[in-house]
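Peer 1: Would you be able to build a 3D model of this:
(one chain, ligands or ions: 1)
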Amino acid sequence: MLRPQDTATRERKPLTGLWRFRLDPAGEGRSAEWFKRPLAGAAEMAVPASFNDLTADPAVHDYFGDLWYQTTMRVPRGWNGQRIVLHFESATHRATAWVNDAEVVSHEGGYTPFEAEVTEHVRAGDEARITVLVNNTLNWHSIPPGVIEDTPDGKRQVYWHDFFNYAGIHRPVWLYATGSAHLTDITVVTGLDGSDGTVGYTTETSGAEGAEVRVVLRDAEGTEVARATGGSGELTVQDVHRWAPGDGYLYDFEVQLVGDGGDLLDSYHQGVGVRTVAVDGTRFLINGEPFYFTGFGKHEDIAVIGKGHSDAFLLRDFELLKWIGANSFRTSHYPYAEAVLDYADRQGIVVIDETAAVGLNMGIGGGIFGGQGYTTFSPETVNDQSREVHAQAIRELVARDKNHPSVVLWSIANEPESDTEGAERYFKPLFDLTRQLDPTRPVGFVNVLLAPYPTCRVSQFGDVLMLNRYYGWYVHTGDLEAAERAWEEELKGWASEGKPIIITEYGADTYPGLHALMAQPWSEEYQVAYLDMNHRVFDRIDAVVGEQVWAFADFGTTSGIMRVGGNKKGVFTRDREPKAAAHALRRRWRKDL
Ligand code: GCB
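Peer 2: Next up is the predicted model:
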C-alpha cells in the first residue's frame, strides 16, 4: 500500500477537521444502519485526535465499545473518470467504514493504515457521506490484548500495558485519486560498494498491462544520478552520499508508469536513504561502522489530544532530541504515525520500530508486578488466534515501514512473558516470519526484568538483545549501590551471549520540582543519580551498544498508586520542559559541547 501523495498523476484531499461523533454503548448502530443517514444526536469530534480527553464527561473519557464518526465531503469535480480511494492512516483499535450506504472496508489493529477503492460509490462533484464505526475494546485476540471483566459496578476494561488506552481516529484520513493503471507498491533495498551505492527496487502495479515502469533517481538538488526501465532492478550511484545517523540525506526515487503511447499513467516519489545495517558479534553496524544508540523510549502522547498526531509536537520533540544529543528512539509501544518516520529519515534519527504487542505478560499490570489472575499463553487467553493477529500486525508494520532508512531494527514485542515453553512456542514463528518479510534488518524483542539472565527462552531468537531494567527503581528502590552491583552482574551474564545489547528502558519516576539533597526517589536529584549509576554500568560492558532512557516525556496512564498524574519517568515533562536529568543527559550525549 502506498501512502497518499500529490504527484503529476495523483491528488489527495485530507478529511481532517471536525466530524460528527457519537458513542454506541448498546452496539445498536450497525443493525440500525446509522451509516445511512446523518448521525442522530451526534456531538462533534476532532480528527485526528483521541476522543478521550476532549470531553468533560468521565463516561466518555473511560468509554470502551463502539463509537461512530461521520463526515460529509465533496468529491473534487476534476476526479471524473479517476480511481478514487478512501485511506485511513490508522483507527484505534479497529474500524469499519461506509461510503454513503456501502460498507467498504474493515481493519483490525490500531496503528497501521488501511484503505478501500470507492470509485463506484461516489461521483466527482457530488457530496459523499463517510461513516466510520471505531471500536476500542481490547480482548485476547487484539494486539495489545485486554479483557473485559464483570464487576458489581458494571463492565471494566482491563489491560496490562502502562499507558492510557487512548482511541479514536489518531491520524489523517484521505480521499485520493489515481488513474486506473497505477502503482500499488514499491520496495527499495540499498547497499554500499566502496564509495558507490546501490538501490535495488521492485514495484507492483494494477491495471497496467502493456505499460512500462521507468525509474529515476535524483539527488537532493534534483540532479538525476541514475535511471532504469523495468519493474525491478538495481541502480548504481557513484560517490553516493550515504544516509547516516545525524545526516538524513535522501535521494528522490521517482517511479513512473508509462503507457504504450508514452503517456504518463502514474508517478510516485519514494525518499531513499542509502545505508546498510548489520550485526557483527556484539557490534551494531550502520554503514559498516559501530553505532551506539543514545535516546529514549517515547510515546505518542500529548495533553488534550492524547495519541492524535500533531506536526507541531513532532517538530518540538525532534528539536529536543537534537538539543539533548539523542541519535535514536524506539516507537514504544506501537507503530508511530508515518509523518514521524518520514521526519526521522530526513533528520537522520535512528528508529527501533515496534509492533503494538505490549502487555502479553500477566506478571505485570500498570507497571506493578504481581499476578493478574490469568495465564499469559493458554487456549483461553493469548493463543494461536492471537498469534495470527500478531503476525498480521508484523506484516503490516514491515509493509508500511520497509523503505525507511531510519528504521534499523524491528522490535516484535515489548516485555512479553518470555521464560516459559508457551512463550518460546509462541514467538519462534513470529521471528521466522519477520526475517522472511525483511531479510535486511535485524530482529529482536524487548525482554522484561521478570525474565532475567539466564531464564529467558525467547532472546535466543533475536539478533540483538533489548533489555528493560529498573535496578534502583522497581528493585533496590533508593539503594543505588545494591542496584549497581545487581545490574552489573546480570548484564555480564547477557554479555556472555555474544550479541549486541541495547538497554531499551531504564528510568525513575520524577516529580518535576521535587528536590532532595539525599537523592530520594521521585526527586530530580534521584533521577540524575539513577541515570549516572546506570551509565557507569553500561560503560563497563563492551557488549552494550545503546542506552535509551525511559521515557522521553511524562505520559498518560490509567490511575494507580504508582502513578502521579501519569507516568513521571519522563526526562521532559508532558509539556516538553526539561527536568534536571535532561541537562545531565545532554552533558553525557552531546560530544560537541
Ligand atoms: C516498562 C514498560 C513501560 C512502562 C515502564 C514503567 O517496563 O515497558 O511501558 O511504562 O516499564 O514505567 O513502569
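Peer 1: For stretch 554-572, measure first residue to last.
Peer 2: 7 Å (C-alpha to C-alpha, to the nearest Å).
Peer 1: So which bits of the stretch 401-550 of the chain are right by the ligand?
Peer 2: With the criterion set to C-beta under 6 Å from any ligand atom, the stretch 401-550 of the chain comes near the ligand through 414-415, 468, 505, 550. (C-beta placed from N, C-alpha, C; glycine too.)
Peer 1: Most remote residue from the middle of this structure, which is it?
Peer 2: Largest separation from the mean C-alpha position in the chain: Gly261, at 42.5 Å (C-alpha atoms, centre = their mean).
Peer 1: Who are the contact partners of the residue nearest the centre of the chain?
Peer 2: For the chain, Pro335 is the residue whose C-alpha lies nearest the centre (C-alpha atoms, centre = their mean; 1.6 Å). If you count contacts by C-beta atoms under 8 Å, 6 or more residues apart in numbering, Pro335 has them with 111-112, 353-356, 397, 400-401.
Peer 1: Asp252 now?
Peer 2: 217-220, 222, 269-272.
Peer 1: Any chance of a ChimeraX selection covering the buried ones in the residues you listed?
Peer 2: Restricted to buried positions by 16 or more other C-beta atoms under 10 Å, the ChimeraX selection for these reads:
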select :217,218,219,269,270,271,272
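Peer 1: what are the ranges of the helices in the protein?
Peer 2: 58-61, 311-324, 338-347, 384-401, 421-437, 480-495, 524-540, 580-589 (DSSP state H).
Peer 1: Centre of the chain to the fifth one, how far?
Peer 2: It refers to helix 421-437. Between the centre of helix 421-437 and the centre of its chain there are 20 Å (C-alpha atoms, centre = their mean, to the nearest Å).
Peer 1: go on, the longest one?
Peer 2: Mean C-alpha position of helix 384-401 versus that of the full chain (C-alpha atoms, centre = their mean) differs by 13 Å.
Peer 1: which parts of it are buried?
Peer 2: By neighbour count with 16+ other C-beta under 10 Å, helix 384-401 contains the buried residues 386-387, 389-391, 393-394, 396-401.
Peer 1: And the fifth one, by the same measure?
Peer 2: Neighbour-count burial for helix 421-437, with 16+ other C-beta under 10 Å as criterion, is recorded at 422-424, 426-427, 430-431, 433-435, 437.
Peer 1: same question, the shortest one
Peer 2: Taking 16+ other C-beta under 10 Å as the neighbour-count basis, helix 58-61 is seen to contain the buried residues Val60.
Peer 1: which residue sits closest to Tyr453, ignoring its sequence neighbours?
Peer 2: Spatial nearest neighbour of Tyr453, excluding adjacent residues (C-beta to C-beta, 6 or more residues apart in numbering): Gly493 at 3.5 Å.
Peer 1: Tell me how many other residues crowd that neighbour.
Peer 2: Gly493 has 12 neighbouring residues, counting by other C-beta atoms under 10 Å.
Peer 1: Quickly note the distance from it to Val351.
Peer 2: Here the distance between Gly493 and Val351 works out to 28 Å (C-beta to C-beta, to the nearest Å).
Peer 1: Report pLDDT for the nearest residue to Asn567 once chain neighbours are set aside.
Peer 2: The shortest distance from Asn567 to any non-neighbouring residue, by C-beta to C-beta, 6+ apart, is to Thr557 (5.0 Å). Looking at Thr557, its pLDDT stands at 96.
Peer 1: closest to the ligand among the contacts of Asp252?
Peer 2: The shortest approach to the ligand among the contacts of Asp252 belongs to Gly271, at 30.6 Å (C-beta to the nearest ligand atom).
Peer 1: Test my guess that that closest one contacts Leu341.
Peer 2: No: contact status for Gly271 versus Leu341: not in contact, 10.3 Å apart, counting by C-beta atoms under 8 Å.
Peer 1: Would you point out which residue of the stretch 201-350 of the chain is nearest the ligand?
Peer 2: Relative to the ligand, the nearest point of the stretch 201-350 of the chain is His333 (5.9 Å; C-beta to the nearest ligand atom).
Peer 1: how many neighbours does Pro442 have?
Peer 2: Going by other C-beta under 10 Å, the residues that sit close to Pro442 add up to 21.
Peer 1: That one reaches Thr276, doesn't it?
Peer 2: No: counting by C-beta under 8 Å, Pro442 does not reach Thr276; the two are 11.7 Å apart.
Peer 1: Can you name the residue of the stretch 151-300 of the chain that approaches the ligand most closely?
Peer 2: Asp162 (3.6 Å).
Peer 1: I'd like to know how many residues surround that residue.
Peer 2: By other C-beta under 10 Å, 26 other residues sit near Asp162.
Peer 1: Spatially nearest residue to whichever residue of the stretch 451-593 of the chain sits closest to the ligand (excluding sequence neighbours)?
Peer 2: Using C-beta to the nearest ligand atom, Asn468 is the residue of the stretch 451-593 of the chain that sits closest to the ligand, at 4.3 Å. In space, and not counting its chain neighbours, Asn468 is closest to Glu505: 3.6 Å by C-beta to C-beta, 6+ apart.
Peer 1: That neighbour contacts Tyr471, correct?
Peer 2: No: checked against C-beta under 8 Å, the pair Glu505 and Tyr471 is beyond contact range at 11.5 Å.
Peer 1: can you list the weak-confidence ranges in this structure?
Peer 2: Counting by pLDDT under 70, the chain has low-confidence residues at 365-372.
Peer 1: What's the local residue count around the closest residue to Tyr292 other than its chain neighbours?
Peer 2: Once flanking residues are discounted, Tyr292 sits nearest to Val545: 5.6 Å by C-beta to C-beta, 6+ apart. If you count neighbours by other C-beta under 10 Å, Val545 ends up with 23.
Peer 1: Give me the distance between Val545 and Gly281.
Peer 2: Between Val545 and Gly281 the computed distance is 11 Å (C-beta to C-beta).
Peer 1: Common neighbours of the two, please.
Peer 2: Taking C-beta under 8 Å, 6+ apart as the contact rule, Val545 and Gly281 both touch Pro500.
Peer 1: Give me the spatial nearest neighbour of Leu465, chain neighbours excluded.
Peer 2: Using C-beta to C-beta, 6+ apart, the nearest residue to Leu465 is Ile501, at 4.6 Å.
Peer 1: ok, the one you found touching Gly462?
Peer 2: No: under the criterion of C-beta under 8 Å, Ile501 makes no contact with Gly462, lying 10.5 Å away.
Peer 1: Get me the contact residues on this structure for the ligand.
Peer 2: By C-beta under 6 Å from any ligand atom, the residues of the chain that approach the ligand are 162, 333, 367, 414-415, 468, 505, 550, 567, 569.
Peer 1: coming back round to it: what's near enough to touch the residue farthest from the centre of the chain?
Peer 2: By C-beta under 8 Å, 6+ apart, no residues touch Gly261.
Peer 1: and the residue nearest to Leu465, how many neighbours?
Peer 2: Using other C-beta under 10 Å, Ile501 has 23 neighbouring residues.
Peer 1: Same check on the one 4 residues further on?
Peer 2: Burial of Glu505 is recorded as 24 neighbouring residues (other C-beta under 10 Å).
Peer 1: Report the contact partners of it.
Peer 2: Under the criterion of C-beta under 8 Å, 6+ apart, the contact list for Glu505 reads 297, 332, 446, 467-470, 548-551.
Peer 1: quick revisit: mind listing which of the residues of the stretch 401-550 of the chain next to the ligand are in strands?
Peer 2: With strands identified by DSSP state E, the entries of these that belong to them are 414, 468, 505, 550.
Peer 1: Is there a neighbour count for the second one? I'd like the number.
Peer 2: If I follow you right, that is Asn468. Asn468 is flanked by 19 other residues according to other C-beta under 10 Å.
Peer 1: So it is in contact with Trp550, correct?
Peer 2: Yes: with contact defined as C-beta under 8 Å, Asn468 and Trp550 form a contacting pair (7.1 Å).
Peer 1: who touches both of those two?
Peer 2: Shared contacts of Asn468 and Trp550, counting by C-beta under 8 Å, 6+ apart, come down to 505-506.
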